[in-house]
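Asks: Sequence unavailable; structure follows:
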C-alpha cells in the first residue's frame, strides 16, 4: 500500500472523526519528514481501529476460531475484532487475473473473495491446477492477522463449465422443458461435486429470471416464461448447497440471479429497462426469488438492468426493503461484474457509486479490478458518514456467516480427494438422462422414431460439434464452436445408439445425399453466444448455411427430420411444411447421446415447451395469455403415441 494512500487514509479519518486531531497531525508530519511507512501504517491502523471498532488482532483461542460455538456467536466475536480495513476487504471481490501475479495484495487489502470471470482459468485447466491456484490464494488470505479465508466464485451455470473435461449439462431452457424439479436438484448435486473437486466453494447460479422475450441473449439461462415454471426449479439450490450449507464436503454456495426483472427488458435488450408497475413486477418476476430464499440460497446477485429507469444496483427499495425485508433473505447480496460502475453512466466507479450501491443493500462488490480504489472509497465513505458503519457491519456479518457455514475456517484448502468427481461416469449418465428428458418433439409425420435398419443420412453444422451443442458459458464466456472439451456429439450419439451394424452417413453440408436413403437428419440452429453479444433484435431465423443444407437434403426426395440446437425459439414457421419432423434439442451439452436416445425411441419424448414458440419474430415478445396465436403454445410437445 502506497505511503500517499496511508497519509490520505489517516487524514480522512482525522477530518471525519474529530478524534485526536493534534496527535494524528503530528504523527503524519513526522512520518512525511522521516519517510517512514511503518509510522504511517501505525497511524492508519489506529484510525481504522477507531472507525471499525476492532483492533485487527486475535489470540489463537479466540471464540471465532472455536468450531463448537454457534455460527452467530463466532461471527460477532470476529466482527468485533475487525478494523475498517478488514471489513472493507471482506466486501471486495476481485477477478483472479488481477491477483495471480500479486497474491500478496490479498493479504495487504484483506480481500474477502475472488472470482473467475467467464473463461478465466489457471494455465493448467485441471482439478489439480485449480486446486493449486485456490490454495495459493487462500494461503495469502490466511496470512492476515485475523486469518479470514476467501470464498471463491465461478459461473458454474450448466456444470463446472470453465473446466476442461467437466460434465456439461443442458442449459436451463432445456431443463425447464423437462419439468422435473428432482432431476434439476440432482444436477445441482453433481455440479457441486465437480466444483468442489477443484477446490472452489461458490457458483453464480442458478439464474431464476423469467424469460419474456426470446431475442434476449440470455434466453437460454432461463427455465421458462412464467414463474410457475421457474420457481420449482429452485430445487437446484438444495442440490448445490445440500440440505444444510456446509453439511457435506461437496456443499457449495448458490446464487439466485439476476435480481430483479432482467428477463423482462423492453425488446429483450441485455442490461436494458424493465417497464412494469411494481405490482406486475412482483407478480411475474419476484416469485422465483421467494422460492430461492425459501430453499436457503446463500447469495443473490443483482442485475445490470433497470426497473422503470432505475438501475437495480442502486435500488434500495427492491434490494433492502423487498428482498432482505419482506422476503427475509439473510444471505449476502453481490453485485454483477463491474455493475456499480454503471450507476452514473460514466466509465469506472466513484466514491458516490460505491456509497449508492452499499446503501442500497449490496454487501459484496464484484469490482473486479481496481480493488485498491474500492477499499479506499469504503473507508472514505464511512469516515465521512455517507455509509453508516452499521451498514458495513451488516454486510460483513452476512458474508462471514456464509464463510463459517461453509466450514472455510476449519477446512480452508481444496479437498483433493474429490478430484475424481469431475466428468465422472455417473455425472455423464445423469446429463444424458437430462438431455433426453429435455428434448421436445414438435412435429412428426411418421418420420420418428428412427429405425436402426434404415439407411440414415446426417448433416448440419451442429451434428458433430461439441462447442455448438454446449453454447455460451462453456470454457469461455461466449463459448466457441469446435472440439473445445471432451464429450459426445449428437452425431456420435446417433452412431452409438444405432449400433455398429447401422448404416449412417454424415456430411456437414449434406453433400452426397440421394434417394437411396430412407431418412435424413439435419442438426442445425445457433452457434454459441452469451449475454450482450447474443441479443438478436433483427431476427431469429436459421442462417443461410442451415437453409442450404436442409434444401439439399429435401431435394433428394426423402423425409427430413430437423433437430434444432438453439438457446431459444427460432423463426422457422415458413420452413416447417417441408420438414417431416422437428425436434427442439435446446443446448444439450456434452452428452449428445441423449438426443439420439429420443430419435431412436429408446427414450420417449417427454419434454414440453417452457416458452411460447412464435410464428414469426414480429410477434416478439410473445407469451401465454397475450392474445397472439403462436406456432406452438406454451407446454406443447408430442410423444410417439400422438
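Replies: Everything's here; your move. Fair warning: this is a prediction, and the values are worked out from it, not measured in the lab.

Asks: Look up how far residue 125 lies from residue 87.
Replies: Relative to residue 125, residue 87 is positioned 34 Å away (Cβ to Cβ, to the nearest Å). Where C-beta positions appear, they are placed from N, C-alpha and C, glycine not excepted.

Asks: buried set for the longest helix along the chain?
Replies: Counting by DSSP state H, the longest helix found in the chain is helix 389-406. Neighbour-count burial for helix 389-406, with 16 or more other Cβ atoms under 10 Å as criterion, is recorded at 391-406.

Asks: picking that back up, compare residue 87 and residue 125 (neighbour count), which wins?
Replies: It is residue 87, of residue 87 and residue 125, that has more neighbours when counted by other Cβ atoms under 10 Å, with 29 against 17.

Asks: show me where pLDDT drops low in this protein?
Replies: Residues of the chain meeting the criterion pLDDT under 70: 1-51.

Asks: all strands of the stretch 301-450 of the chain, in order?
Replies: Along the stretch 301-450 of the chain, counting by DSSP state E, counting those that start in this stretch, strands occupy 306-307, 310-311, 332-334, 365-366, 440-444.

Asks: Include distance to residue 159 and mean neighbour count when you put the ones you listed into TSV, please.
Replies: Converted to TSV, the strands of the stretch 301-450 of the chain look like this (distance: least, Cβ to Cβ, whole Å; neighbours: other Cβ atoms under 10 Å):
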stretch	distance to residue 159	mean neighbour count
strand 306-307	31	22
strand 310-311	31	18
strand 332-334	21	26
strand 365-366	22	26
strand 440-444	21	21
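
Asks: can you tell which of those is closest to residue 189?
Replies: Closest of those to residue 189 is strand 332-334, at 22.9 Å (criterion: Cβ to Cβ).

Asks: Packing partners of that closest one?
Replies: Judged by 3 or more Cβ pairs under 8 Å, 6 or more residues apart in numbering; DSSP states H and E, strand 332-334 is in contact with strand 299-302, helix 389-406.

Asks: Need the ones you listed in CSV (columns: distance to residue 112).
Replies: Formatted as CSV, those follow (distance: least, Cβ to Cβ, whole Å):
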stretch, distance to residue 112
strand 299-302, 13
helix 389-406, 6
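
Asks: among those, which is nearest residue 258?
Replies: strand 299-302 (5.6 Å).

Asks: I'd like the strands of the stretch 301-450 of the chain as JSON lines, with distance to residue 464 appended.
Replies: Shown next, in JSON lines, are the strands of the stretch 301-450 of the chain (distance: least, Cβ to Cβ, whole Å):
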{"stretch": "strand 306-307", "distance to residue 464": "42"}
{"stretch": "strand 310-311", "distance to residue 464": "44"}
{"stretch": "strand 332-334", "distance to residue 464": "39"}
{"stretch": "strand 365-366", "distance to residue 464": "37"}
{"stretch": "strand 440-444", "distance to residue 464": "22"}
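
Asks: circling back: compare the helices and strands packed on strand 332-334 and report which one is nearest to residue 503.
Replies: Judged by Cβ to Cβ, the one of the helices and strands packed on strand 332-334 that comes nearest to residue 503 is strand 299-302, at 50.0 Å.

Asks: What strands line up against that closest one, and which way round?
Replies: Sheet partners assigned to strand 299-302 using DSSP bridges are listed as strand 255-259 (parallel), strand 332-334 (parallel).

Asks: Residue 296: which of the strands of the stretch 301-450 of the chain is closest?
Replies: Evaluated with Cβ to Cβ, these place strand 332-334 nearest to residue 296, the distance being 13.2 Å.

Asks: from what I can see residue 323 touches residue 300, true?
Replies: Yes. Look at residue 323 against residue 300 with Cβ atoms under 8 Å: they come within range, at 6.4 Å.

Asks: Show me which of those two is the more surrounded one.
Replies: Neighbour tally, residue 323 and residue 300, criterion other Cβ under 10 Å: the higher count belongs to residue 300, 28 against 25.

Asks: for the more buried one, what are its contacts?
Replies: Residue 300 makes contacts with 255-257, 259, 289, 292, 323, 329, 331-334, as judged by Cβ atoms under 8 Å, 6 or more residues apart in numbering.

Asks: Kindly confirm my reading that residue 239 is in a strand.
Replies: No. Under the criterion used here (DSSP: H, G, I helix; E, B strand; the rest coil), residue 239 is helix, not part of a strand.

Asks: could you measure it against residue 203, distance?
Replies: For residue 239, the distance to residue 203 equals 11 Å [Cβ to Cβ].

Asks: Overlap of the contact sets of these two?
Replies: Joint contacts of residue 239 and residue 203 (Cβ under 8 Å, 6+ apart) are 191-192.

Asks: Nearest approach to residue 519 belongs to which of the strands of the stretch 301-450 of the chain?
Replies: Short answer: strand 440-444, nearest of those by Cβ to Cβ, at 12.0 Å.
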